[in-house]
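Colleague: structure of the sequence below:
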Amino acid sequence: ERIFTFGALSSELYVVVEGEVRIHRDDGGHEVTLARLGPNSFMGEMAPFTDEPRSASADAVEPTTVRVLRKDRLSAILHDHTEVLMEVIRNLSRRLVVANAQLEAAARTIGEG
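Modeller: As a prediction, the model looks like this:
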């Protein structure tokens, strides 16, 4: 089941309570899996901060329960619980490191080809 779709406008963050979610992009008919997330993971964390369209799609790959945090509720939580804010920053930082490594690998592949 689709949770959110690439390109959609939204400002919610999702927390996976149970199950598994596949984050993916579709590139010219070729699906690329970016991540698989399980319980206690969160996704869609860029949308509440950027107000940009979704950068990927998310699909439940098994029976899954997610908790939806709207932008206003998320702001209140982050203000009152700095440890949650730090976890969001850590998660974004990890994803940036992975994205940079993937870009570097792609650049090497193109350079070799």
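Colleague: which residues in this structure form strands?
Modeller: Assignment of strands within the chain using DSSP state E yields the ranges 2-4, 13-18, 21-27, 30-37, 42-43, 57-60, 65-69.
Colleague: Ala99 is nearest to which of those?
Modeller: Minimum separation from Ala99 across these (CB to CB) falls at strand 30-37, 8.8 Å. Where you see a C-beta, it was placed from the backbone N, CA and C, and this is true even at glycine.
Colleague: so Asn91 touches Met43, yeah?
Modeller: No. Using CB atoms under 8 Å as the test, Asn91 is too far from Met43 to be in contact (9.2 Å).
Colleague: out of the strands of the chain, nearest to Glu87?
Modeller: With CB to CB as the measure, strand 42-43 is the member of the strands of the chain nearest Glu87 (8.2 Å).
Colleague: gap between the closest one and the chain center?
Modeller: Its chain's average C-alpha position is 5 Å from that of strand 42-43, according to CA atoms, centre = their mean, to the nearest Å.
Colleague: likewise stretch 9-23?
Modeller: Distance of stretch 9-23 from its chain centroid, counting by CA atoms, centre = their mean, is 7 Å.
Colleague: span of that stretch from start to end?
Modeller: In stretch 9-23, first residue to last residue: 16 Å (CA to CA, to the nearest Å).
Colleague: what's the average pLDDT for it?
Modeller: Mean pLDDT, computed over stretch 9-23, is 96.
Colleague: what does that stretch contact?
Modeller: With contact meaning CB atoms under 8 Å, 6 or more residues apart in numbering, stretch 9-23 is reached by 3-4, 33-45, 47-48, 51, 53-54, 56-71, 74.
Colleague: on that earlier part again, neighbour count winner among Asn91 and Met43?
Modeller: In this view Asn91 and Met43 are compared by other CB atoms under 10 Å, and Met43 has more residues nearby, 22 against 14.
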